[in-house]
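In: Got a sequence here, can you build the structure:
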Amino acid sequence: MSTTSHDPIGTGWRRTDGRIGLRNHVIAFSTVALTDRITTLAAARVKGVLPICPAFQRGLRGADDRLQTNMIKAVIAHPNVGAALVVTHDRAAAQTLQAACKELGKPIVVLSLIAQAGMQSAQDAMAMHLQNLKAELADSQKTTLHLSDLTVALECGGSDATSALAANPSIGRFVDQLIAAGGTAVVSETAEFLGGEDVIRAQSQSEEIAKDILGYLRIEEQMMQSDGTDYRGVNPTAENIEAGLSTLTEKTMGAVCKIGNSHFAGALSFGQRPQVAGLHFMHTPFFSPTSLTGMVLGGAQVTLFAMGVYNPSGLPLAPTIKICGNPKTLSDWPDGIDLDVSEIVTGGSDYDDAANTILKLIGEIADGELTRAEQWHEGQIIIPVSQLPL
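Out: Have a look, this model is predicted:
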């Protein structure tokens, strides 16, 4: 099945910045760990509210402070967010965020905890605001969703041989369709491209883009070698070793299948939003919740997650479609995986079938179907911190 940028694949909510959300979440967003608990309690009182409480810190400096500040704004501006209660601790932070939210064109209430009078009173006020925000979204109108409207995060974890034979190439075949139709994909986990330098050079739109990506790889390898270990010759996670992979380079050869035959259009820093359509590389750690955070806060509305052995990662803001080709994993975790591609290994199906099913699933999700990760409320927002405050 060939889908063009003009073919509708589902419906979504158009935001004032032109992006389309696959979800219309009302979020209760705690911007600092001090307010996480009360925000969680208030959100639990209003059915359908999504709590976002990432244990963000105070006292960060330099690049760490700038990144966390930008990621706070990215959560609120995300296309899958229809309305937001934003909770700060102090009044100054509330005033700053209130000003930043004015141009987003969505219902937002910014509340400072310290400006309230008592824990119960504060929780009651937060629950009231959440009820009002839900009411404001009750009559939101949906619009047609096309492939060209999508930014898709690409992830893999719990890798084994079937990851390279089935799940990752299935995603790669879909990515080729997505990019051909004018959509955008983001792939991350810099360490998982070590050993794939030739692929990067061959599948970049320009030498400059390849140079930028390879520069991130050099930074990552220098960091990973700081403990005296050559990570190209080992595999850093126990479950991957148990699943039969021997080295990080071996894992890389399967991981790069996620990009299909598409060529990189850009190299992004953590959480950076792509400025042009196409395939993009994002520099992130290899811990899946952190890499997912970077891609989703960079604007991805949905994630395709390939796995061999089970991995519980997800991200609350964006539906995660879990794709697996390992029969044992599918048997052990039937309530945690969305798409079975194991017949690719046995010859009963092929990558085109899988890519078309992924497209169908995205349309169903846009029209309201919940992914397994959403059903289980899986996922965390985790941003990397290079230097902890003293």
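In: Run through the stretch 201-350 of the chain and note the low-pLDDT ranges.
Out: 228-254 (pLDDT under 70).
In: Please repeat the previous calculation with a cut-off of 50.
Out: Of all residues in the stretch 201-350 of the chain, none has pLDDT under 50.
In: For residue 386, give me its contacts.
Out: 63, 64 (CB atoms under 8 Å, 6 or more residues apart in numbering). (Glycine included, C-beta is placed from N, CA and C.)
In: Alpha carbons only: can I get stretch 145-164 in CSV?
Out: Only the C-alpha atoms of stretch 145-164 are listed here, as CSV (Å, rounded to 0.1, in the frame of the first residue of the first chain):
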residue,chain,number,x,y,z
LEU,A,145,-4.5,13.7,9.8
HIS,A,146,-2.1,12.9,7.0
LEU,A,147,1.3,11.2,7.0
SER,A,148,2.9,14.5,6.3
ASP,A,149,1.6,15.8,9.7
LEU,A,150,3.4,13.1,11.7
THR,A,151,6.7,13.2,13.6
VAL,A,152,7.5,9.7,14.7
ALA,A,153,10.0,8.6,17.3
LEU,A,154,12.0,5.5,16.5
GLU,A,155,13.2,3.3,19.4
CYS,A,156,14.5,-0.2,20.1
GLY,A,157,15.3,-2.1,23.3
GLY,A,158,15.6,-5.5,24.7
SER,A,159,17.3,-6.4,21.4
ASP,A,160,17.9,-9.9,20.1
ALA,A,161,18.3,-11.5,16.7
THR,A,162,14.6,-11.0,15.8
SER,A,163,15.0,-7.3,16.4
ALA,A,164,17.3,-7.2,13.4
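In: Now do the same for the nearest residue to residue 105 once chain neighbours are set aside: helix, strand or coil?
Out: Excluding its sequence neighbours, the residue lying closest to residue 105 (CB to CB, 6 or more residues apart in numbering) is residue 16, at 3.2 Å. Following DSSP: H, G, I helix; E, B strand; the rest coil, residue 16 is assigned to coil.
In: repeat for the one 10 residues further on
Out: Local secondary structure at residue 26 is given as strand here, using three-state DSSP.
In: Could you give the number of residues near it?
Out: Residues lying near residue 26 (other CB atoms under 10 Å) number 24.
In: just residue 371 next, same as before
Out: As a measure of burial, residue 371 has 23 neighbours, counting by other CB under 10 Å.
In: wait, doesn't it sit right on residue 316?
Out: No: counting by CB atoms under 8 Å, residue 371 does not reach residue 316; the two are 11.4 Å apart.
In: Assess the claim that the residue nearest to residue 105 and residue 101 are in contact.
Out: No: in this structure, residue 16 is not within contact of residue 101 by CB under 8 Å, at 11.9 Å.
In: How about residue 8, nearest residue that isn't a chain neighbour?
Out: Per CB to CB, 6+ apart, closest to residue 8 is residue 144, 4.6 Å.
In: whoops, I mixed them up, residue 295
Out: residue 153 is the one closest to residue 295 (CB to CB, 6+ apart), at 3.6 Å.
In: Quickly find the element holding that neighbour.
Out: Applying DSSP states H and E as the criterion places residue 153 in strand 151-157.
In: How about the contacts made by residue 210?
Out: Here residue 210 is in contact with 200, 201, 204, 264 (CB under 8 Å, 6+ apart).
In: one more time with 7 Å
Out: Applying CB atoms under 7 Å, 6 or more residues apart in numbering to residue 210 gives the contacts 200, 201, 204.
In: The last one contacts residue 264, doesn't it?
Out: So the one you mean is residue 204. Yes: here residue 204 reaches residue 264: they are 4.4 Å apart, a contact under CB atoms under 7 Å.
In: any residues in contact with both of these two?
Out: Joint contacts of residue 204 and residue 264 (CB under 7 Å, 6+ apart) are residue 213.
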